[in-house]
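1. my questions are about this predicted structure, shown below with the sequence.
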Amino acid sequence: MKHKHADLIHAWADGAKIQGKSEYVEWRDLRHPSWDKSWQYRIKPEPKPDVVKYLICGLKSWVEVDDQVGHECIKIVIDGKGRLKSAEVMP
């Protein structure tokens, strides 16, 4: 019978970075997974890049533009998890 985590064990043996979590522990990097059947394992997801957006005030709402267009706008940076990282008024 195939081990519950066989595919991940093979991926780890081939160099994949593995994360694990249990009922009481959130996802964390594991250098040497124990492959406990009560734990969940996954290949560590690739971090998503930051997203930069430029907004200008339109007639009734904010409008997203491709880049700073020569007039005052707001530059916002959203991290790979969808959270606001920074915001600034650009002259």
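-> Arrived safely.
2. strands of the chain, start to end?
-> For the chain, the strands defined by DSSP state E occupy 18-21, 28-30, 40-43, 51-57, 62-65, 73-78, 84-90.
3. dump the ones you listed into JSON lines; add distance to Ala6, mean pLDDT and mean neighbour count as well.
-> Quick note: C-beta positions are derived from backbone N, CA and C, even for glycine. Formatted as JSON lines, the strands of the chain follow (distance: least, CB to CB, whole Å; pLDDT from 0 to 100; neighbours: other CB atoms under 10 Å):
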{"stretch": "strand 18-21", "distance to Ala6": "13", "mean pLDDT": "96", "mean neighbour count": "18"}
{"stretch": "strand 28-30", "distance to Ala6": "17", "mean pLDDT": "96", "mean neighbour count": "12"}
{"stretch": "strand 40-43", "distance to Ala6": "11", "mean pLDDT": "96", "mean neighbour count": "16"}
{"stretch": "strand 51-57", "distance to Ala6": "37", "mean pLDDT": "84", "mean neighbour count": "14"}
{"stretch": "strand 62-65", "distance to Ala6": "46", "mean pLDDT": "76", "mean neighbour count": "12"}
{"stretch": "strand 73-78", "distance to Ala6": "37", "mean pLDDT": "89", "mean neighbour count": "16"}
{"stretch": "strand 84-90", "distance to Ala6": "39", "mean pLDDT": "90", "mean neighbour count": "11"}
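4. now tabulate the ones you listed in a markdown table and tack on distance to Ile9.
-> Formatted as a markdown table, the strands of the chain follow (distance: least, CB to CB, whole Å):
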| stretch | distance to Ile9 |
| --- | --- |
| strand 18-21 | 9 |
| strand 28-30 | 12 |
| strand 40-43 | 9 |
| strand 51-57 | 35 |
| strand 62-65 | 45 |
| strand 73-78 | 36 |
| strand 84-90 | 36 |
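5. tell me the contacts of the closest residue to Lys17 other than its chain neighbours?
-> Counting by CB to CB, 6 or more residues apart in numbering, Lys17 lies nearest to Lys44, which is 4.0 Å off, once chain neighbours are set aside. Shown in contact with Lys44 (CB atoms under 8 Å, 6 or more residues apart in numbering): 16-19, 29.
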